[in-house]
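A.B. asks: structure, please.
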Amino acid sequence: MSAASTHHVRVSAIPSVTDALRAVEALLLGGGQRTARRNAWTSVLEDRRHARDRVEALHVMEAASGRASRAT
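C.D. replies: Numbering: from 1, shown residues only. Below is the predicted model of the structure:
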């Protein structure tokens, strides 16, 4: 090899844990089950967001009324 030759190295990205789990999920579950699982998880996340919003609204209402919040 001459000094002028170059070596090409192919670098592939290391998959994230999420990517790996999705790949395993794709192998194990059919399309319908996969969709149902994702929809269920999205629903769980949305419920958590609504719960945080309710707690925040409660704190705002209590502060506006002059009462100290009892929620921790």
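A.B. asks: which stretches of the protein have low pLDDT?
C.D. replies: 1-12, 67-72 (pLDDT under 70).
A.B. asks: how about the helices in it?
C.D. replies: For the chain, applying DSSP state H gives helices covering 17-28, 31-65.
A.B. asks: list the helices and strands the longest one packs on?
C.D. replies: When contacts are defined as 3 or more Cβ pairs under 8 Å, 6 or more residues apart in numbering; DSSP states H and E, helix 31-65 packs onto helix 17-28. C-beta: built from backbone N, CA, C; applies to glycine.
A.B. asks: circling back to that earlier point, so can I have CSV of the helices of the chain showing mean neighbour count?
C.D. replies: Conversion of the helices of the chain to CSV gives the following (neighbours: other Cβ atoms under 10 Å):
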stretch, mean neighbour count
helix 17-28, 10
helix 31-65, 10
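A.B. asks: chain center to stretch 51-64: distance?
C.D. replies: For stretch 51-64, the separation from the chain centroid amounts to 25 Å (computed by Cα atoms, centre = their mean, to the nearest Å).
A.B. asks: if I look at A36, how far off is A26?
C.D. replies: A36 is 14 Å from A26, where distance means Cβ to Cβ, to the nearest Å.
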